[in-house]
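Chemist: starting from these lines, generate the structure:
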Amino acid sequence: MPHTRSITKAGFHLAAVAALGLMGLTSASAQTKWEMPTPYGDSNFHTQNIAAFADEVAAKTDGSLTIQIHSAGSLFKHPEIKNAVRKGLAPIGEVLVSRLSNEDAVFGVDSVPFLAPSYDQAWELYQASRSAMEEKLEEQGLQLLFSVPWPPQGIFAKTEISEGSDLKGLKFRAYNAATERMAQLAGAVPTQVEVPDIPTAFSTGRVEAMITSPSTGANSKAWDFLSHYHDTQAWLPKNMVIVSQRAFDRLSEAEQVAVLEAAAAAEQRGWEASKQETAAKTAILQDNGITVVAPSEQLLSDLAVIGETMTAEWKEQAGDAGAAILDAYKNQ
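Modeler: Down below sits the predicted model:
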């Protein structure tokens, strides 16, 4: 008899566990929660835009799909986010597009200097390149939801730069292969310096000029160590929000529509937020004594030559896909 009772008790426990499992499956099918890693802090305009996207998704789905944002690399560090989404460790995430250029040159198109030197041109380049990026992402089981640019890149220096030749011989801060190549083509001396080291590098004479966004300039208090900002809008690097195709396909049709509608709204809102960020941070530079310079025609012409060289180099790296992107961009 004791043996019979133990079997009965075990059967009861198994039935209870099974029932709880079924309840969990029913709950999961009624409500889905996505964990979303992002690289930047809560005060960053990209993160704020994503928070609005998440709120809109929850509202449009009546809470059947919610997105929990893990900002500032708290869930996965920036270099890990794309692969985390690809491997299913997170269903959705945000990355800097050009971080993927080491996988395929197509992802570096928005960081080719002077190819699309304005918000309008950057938007046109995005439209010309989006399908190629989507195709590359689809090969890895990823789907592009939306993309938003950073403020455009301008030249900071200790004196006014009136023409390309003024850059010759200057110790120029570089932070990746593209900025190093640009400095070389300008006749400057590239020096690798990370963002936290910018003030010290200028103060000690390691560098005399750099190209970066007004946001970085304001955040690093550039007025403490240089005097001029040239609004060249050299390029507008973008972030993108990607989702696992498998996770997206598991949503109901109504939820998928809600995500896509919220993504389209986030893209439009994000581009406007970027413009506002540019204006606000440029004003901060000016308010703190930086001379904000509209680049001369001669400087723009000289920089365009550099842009043509680097565009040709990128086209060669990107192959047929790169050629198709450039053709589409020029023919808009």
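
Chemist: contacting residues around the residue positioned nearest the centre of the chain?
Modeler: For the chain, the residue nearest the mean C-alpha position is residue 239 (1.6 Å; CA atoms, centre = their mean). By CB atoms under 8 Å, 6 or more residues apart in numbering, residue 239 lies in contact with 46, 94-97, 147-150. Placement of C-beta: from N, CA and C, glycine included.

Chemist: make sure it is indeed in a strand.
Modeler: Yes: looking at residue 239 with DSSP: H, G, I helix; E, B strand; the rest coil, it is inside a strand.

Chemist: how much space between it and residue 151?
Modeler: The spacing between residue 239 and residue 151, counted by CB to CB, to the nearest Å, is 12 Å.

Chemist: which residue packs closest to residue 49, ignoring adjacent ones?
Modeler: residue 270 (4.4 Å; CB to CB, 6 or more residues apart in numbering).

Chemist: ditto for residue 144
Modeler: residue 134 (5.1 Å).

Chemist: can you tell me the element the one you found falls in?
Modeler: helix 119-138 (DSSP states H and E).

Chemist: per-residue pLDDT, the residue nearest to residue 49?
Modeler: Per-residue pLDDT puts residue 270 at 98.

Chemist: what does the one 10 residues further on give?
Modeler: Here, the pLDDT recorded for residue 280 equals 97.

Chemist: any idea which helix or strand carries it?
Modeler: Assigned by DSSP H and E, residue 280 falls in helix 253-287.

Chemist: in that helix, which residues are buried?
Modeler: For helix 253-287, the buried set under the neighbour-count rule, 16 or more other CB atoms under 10 Å, comprises 255, 258-259, 262-263, 265-267, 269-271, 273-274, 277-278, 281-282, 284-285.

Chemist: next one: stretch 64-74
Modeler: For stretch 64-74, by 16+ other CB under 10 Å, it's 64-65, 67, 69, 71-73.

Chemist: over to stretch 227-239?
Modeler: For stretch 227-239, by 16+ other CB under 10 Å, it's 228-239.
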